[in-house]
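1. What follows is a predicted structure for the sequence shown.
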Amino acid sequence: MKKFTVTLTDDLFARLEALKLYYGYSTRSEIVEKALNELIKKHSSNDVFRYYLSEARNRLKAKEEK
C-alpha cells in the first residue's frame, strides 16, 4: 500500500466529506478508494486505458528495482 498527499479545493474537499457521510464511511480514504475503483471499472475494458495501466505498472516496477 502506498501513501500520498493530495491538495483539493475547498469545494472538492466538502464534496468528499459529504460523500463520506452519505455512504457512512469512517475515513476519507475509503471514499476516495470507492470513487477510484468505480472510475477504473468504467474504463477497465478500454484498450487505451489498459495500455496506460501497463505502462504505469512497468514504471513503478522499474522505480522499485532501483
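-> Perfect, thanks for sending it. These figures come from a predicted structure and were not determined experimentally.
2. who touches the lengthiest helix in the chain?
-> Identified as the longest helix of the chain according to DSSP state H is helix 47-65. For helix 47-65, contacts defined as C-beta atoms under 8 Å, 6 or more residues apart in numbering pick out 43-44. All C-beta spots, glycine's among them, are computed from the backbone N, C-alpha and C.
3. gap between the residue positioned nearest the centre of the chain and Ser29?
-> Nearest to the mean C-alpha position of the chain, by C-alpha atoms, centre = their mean, lies Leu36 at 3.9 Å. Using C-beta to C-beta, to the nearest Å, we find Leu36 at a distance of 10 Å from Ser29.
4. Leu16 too?
-> Distance from Leu16 to Ser29, counting by C-beta to C-beta: 10 Å.
5. go on, Lys66?
-> Note on Lys66: its distance to Ser29, by C-beta to C-beta, is 27 Å.
6. Those two: which has the busier surroundings?
-> More crowded of Lys66 and Ser29, by other C-beta atoms under 10 Å: Ser29, with 11 against 4.
7. Now that one: which helix or strand?
-> Taking DSSP states H and E as the criterion, Ser29 maps to helix 28-43.
8. can you list contacts of that helix?
-> The contact list for helix 28-43, computed with C-beta under 8 Å, 6+ apart, reads 16-17, 19-20, 23, 25, 49.
9. from the residues you listed, which two are the most distant?
-> Glu17 and Phe49 (28.8 Å; C-beta to C-beta).
10. circling back to that earlier point, ChimeraX command for the buried members of the contacts of helix 28-43?
-> Per 16 or more other C-beta atoms under 10 Å, the buried members of the contacts of helix 28-43 correspond to this ChimeraX selection:
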select :16,19,20
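11. of the contacts of helix 28-43, closest to Met1?
-> Nearest to Met1 among the contacts of helix 28-43: Tyr25, at 17.1 Å, using C-beta to C-beta.
12. how about that closest one, secondary structure?
-> With DSSP: H, G, I helix; E, B strand; the rest coil as the basis, Tyr25 sits in coil.
13. Distance check, it against Lys34.
-> Distance, Tyr25 to Lys34, by C-beta to C-beta: 8 Å.
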